[in-house]
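Q: 3D model of this:
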Amino acid sequence: MGVVERARAWLAQDPDLQTRAELEELITANNDDVLTDCFASRLQFGTAGLRGKLGPGPNRMNRVVVMQAAAGLASYLNKHHPHEASIVIGYDARHNSDVFASDTAAIMQGAGIHALVLPKPLPTPVLAYAIKHLGASAGVMVTASHNPPQDNGYKVYLADGCQIIPPADADIAAEIERIANTTNVQDLPTNDEWVTLGDDVLEDYIARAVGRVTDEQRKDNRNITTVITPMHGVGGPTLHRVLTEAGFPPPIHVSEQFDPDPDFPTVAFPNPEEPGAMDLAMQAANTHQPDIVIATDPDADRCAVAVPLPSGDYRMLSGDEVGYALGWWATQRPGERITLAQSLVSGGMLESIARAVEMNYQQTLTGFKWIGRIPTLRFGYEEALGYCVDPEAVSDKDGITAALAVADLAAVLKTEGRSVLDLLDDLAKEHGLFATRQVSLRVADLSTISSVMAELRKEPPTHAGHRAVNEIIDLRAGTQLPPTDGLVFMLSERGRIIVRPSGTEPKIKAYLQVVVDVDTDVGHARKSADRELQALADDVAKWFAR
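A: Below you'll find the predicted structure:
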């Protein structure tokens, strides 16, 4: 069957007027290039669920693809919960998120699964919290997180409140494929008697977050001022409430970015890591001179932090720096859980922090689907701005509670006449300066990524920057961790580079680390580390340009 015939067959089951019109226009215009892109393959369902551009066809996010995914997931759940299954469904404010959530609820209810839908666009961590809080069998969050505005996605969680891992991903994917190959979505049984939840779950989530702050801590919190931005996403009102109810003065909003807007008009990419994304927040900081600047990404599962320098300017902390600070902070709080954990690509200081207080340390593959499942987890993080500070409640990264933890920490430090930067300096003196940086290449053609990985395996470099490559570990072969596509280059003088494809974006990424011992002058050590990282970054850029 040719691409036009496949497109016409798709039209026969597409219930969406907009994607039908788009597809009919492509057929009429004989736009074979775009048609082929829409129909030559299918969005792959994996441990990250689904994520892709909105549009018609199996290689786009649309109502047909979502209904097929929901039906496949429903089949999987009925096999694993043969007597009674339930699912909580959340959604953000992206284009069609509410529609995809309603379609999922109708399909689930039609398949005999009790569907509970959150009442409005809410942060992903509220959905992750709701799964365990309500004792559901699974959860779906309709979001593309920090992807560009033309994208949407579909995150799937199981009863433990964590995103799926193998073999569940492959089992669900097989059910979706079976549905897609045998059933017109118009013939799928649906039922609109799902339950739309009230605000109780959100209130319980906020109460849990705020309840971790002691009355004594609230007194210190009154002295901390904040600037916050949800980056046109759904985290703003929840973050505002959590901070104020924890005793902080009302935060200053980056007004241009505070209300949800699926077009993300003030940023090229709605990701705090991307160049320019924090410009408006930094401008607000320069105007208001807060103690701390906090940004959440559009679905509020990630948290970025900027702090003032002695000069009065503001500096973005790296994801690792926030991870080191929150990891140390977790060791200072009471609790029975004894494990600090991080992803493989994150900086190495957390292990030293854990060992210093005789706590357990664990390293996982990238993703909170691995970190959140550690039974004794007290704190976990990954360098891409993801932090889990209350794993008993949310077994996933949570930008709201992470922001609260950062603000709490800043308040305690301020009473001691110190800052977060002072804490990081003290940690560097105790454990060594673990300096990290990321280099990434965004590609238009995904084959570029596989070509770069193949070339690095075929002709691996012998040097990077000023350091020799002492060992190469191919993560595809498996180590103490499950196999994954990645290469670790162990360098002389405790340097390290990890190269891997992104799991959620069309990028190949390199994670650089150097370790510098600190005597007394941390500033000198940081300058030395910056030079070393730049030399590594220059060479990695050449690797990616091969």
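
Q: which residues sit against the longest helix along the chain?
A: Counting residues, the longest helix found in the chain (DSSP state H) is helix 522-544. Residues outside helix 522-544 that contact it (C-beta atoms under 8 Å, 6 or more residues apart in numbering): 425, 428-429, 433, 435-437, 439, 441, 452, 456, 461, 463-467, 491, 495, 497, 499, 508, 510, 512, 514, 516-518. To be clear about C-beta, it is placed using only N, CA and C from the backbone, and glycine gets the same treatment.

Q: Can you verify Tyr154 is assigned to a helix?
A: No: applying DSSP: H, G, I helix; E, B strand; the rest coil, one finds Tyr154 to be strand, outside a helix.

Q: Chain neighbours aside, what residue packs nearest to it?
A: Using C-beta to C-beta, 6 or more residues apart in numbering and skipping residues adjacent in sequence, the residue nearest Tyr154 is Leu50, 4.1 Å away.

Q: ok, that neighbour - how many residues close by?
A: Here the number of neighbours of Leu50 (other C-beta atoms under 10 Å) works out to 24.

Q: All further residue positions should be reported with the first residue as 42.
A: New numbering, starting at 42: the last item is Leu91.

Q: quick one: buried residues of stretch 512-524?
A: Across stretch 512-524, burial judged by 16 or more other C-beta atoms under 10 Å covers Leu516.

Q: How about residues contacting that stretch?
A: Under the contact criterion C-beta under 8 Å, 6+ apart, stretch 512-524 has outside partners 207, 385, 404-406, 498, 501, 525-531, 541.

Q: Among those residues, name the buried ones.
A: Members of those classed as buried by 16+ other C-beta under 10 Å are Leu385, Gln404, Thr405, Leu406, Thr525, Gly527, Leu528, Val529, Phe530, Met531, Arg541.

Q: Sketch out the helices for the stretch 292-441 of the chain, chain order is fine.
A: Taking DSSP state H, counting those that start in this stretch as the test, the helices found in the stretch 292-441 of the chain are 296-299, 320-329, 360-372, 390-397, 409-412, 440-456.

Q: out of the buried ones among the contacts of stretch 512-524, who's nearest Ile394?
A: For those, the closest approach to Ile394 (C-beta to C-beta) belongs to Gln404, at 13.5 Å.

Q: hmm, back to that, nearest to Thr337, of the helices of the stretch 292-441 of the chain?
A: helix 440-456 (4.1 Å).

Q: neighbouring contacts of the next helix or strand after that closest one?
A: Downstream of helix 440-456, the first helix or strand assigned by DSSP states H and E is helix 461-472. Identification of contacts with helix 461-472 by C-beta under 8 Å, 6+ apart yields 333, 346, 348, 350, 356, 358, 362, 365-366, 369, 390, 393-394, 397, 447, 450-451, 454, 475, 559, 561, 563, 566.

Q: Same check on stretch 319-333?
A: Counting by C-beta under 8 Å, 6+ apart, residues outside stretch 319-333 touching it are 264-268, 270, 293, 295, 297-298, 307, 313, 334, 336, 345-349, 353-355, 357, 447-448, 451, 455, 461.

Q: And the strands in the stretch 42-191 of the chain?
A: For the stretch 42-191 of the chain, the strands defined by DSSP state E, counting those that start in this stretch cover 91-94, 127-132, 155-158, 179-183.

Q: Let me have the ones you listed in CSV, extended by mean pLDDT and distance to Val242.
A: Formatted as CSV, the strands of the stretch 42-191 of the chain follow (pLDDT from 0 to 100; distance: least, C-beta to C-beta, whole Å):
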stretch, mean pLDDT, distance to Val242
strand 91-94, 94, 24
strand 127-132, 98, 8
strand 155-158, 98, 9
strand 179-183, 98, 11
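
Q: Which of those strands sits closest to Ala221?
A: Among the strands of the stretch 42-191 of the chain, strand 91-94 comes nearest to Ala221, with 12.4 Å by C-beta to C-beta.

Q: list the helices and strands the closest one packs on?
A: Contact here means 3 or more C-beta pairs under 8 Å, 6 or more residues apart in numbering; DSSP states H and E; on that basis strand 91-94 packs against helix 104-121, strand 192-199.

Q: Turn the ones you listed into JSON lines, columns for distance to Arg282, mean pLDDT and mean neighbour count.
A: Formatted as JSON lines, those follow (distance: least, C-beta to C-beta, whole Å; pLDDT from 0 to 100; neighbours: other C-beta atoms under 10 Å):
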{"stretch": "helix 104-121", "distance to Arg282": "31", "mean pLDDT": "98", "mean neighbour count": "23"}
{"stretch": "strand 192-199", "distance to Arg282": "24", "mean pLDDT": "97", "mean neighbour count": "25"}
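
Q: how about these in CSV, adding distance to Arg587?
A: Formatted as CSV, the helices and strands packed on strand 91-94 follow (distance: least, C-beta to C-beta, whole Å):
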stretch, distance to Arg587
helix 104-121, 35
strand 192-199, 28
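
Q: what about Ala214, neighbour count?
A: By other C-beta under 10 Å, neighbour count at Ala214 equals 19.

Q: what separates the helix or strand harbouring it from the chain centre, distance-wise?
A: In this assignment (DSSP H and E), Ala214 forms part of helix 209-223. Here the centre of helix 209-223 is set off from its chain's centre by 25 Å, with C-alpha atoms, centre = their mean, to the nearest Å.

Q: ok, now stretch 529-539?
A: Centroid separation for stretch 529-539 versus its chain: 25 Å, with C-alpha atoms, centre = their mean.

Q: swap in stretch 224-244?
A: Mean C-alpha position of stretch 224-244 versus that of the full chain (C-alpha atoms, centre = their mean) differs by 25 Å.
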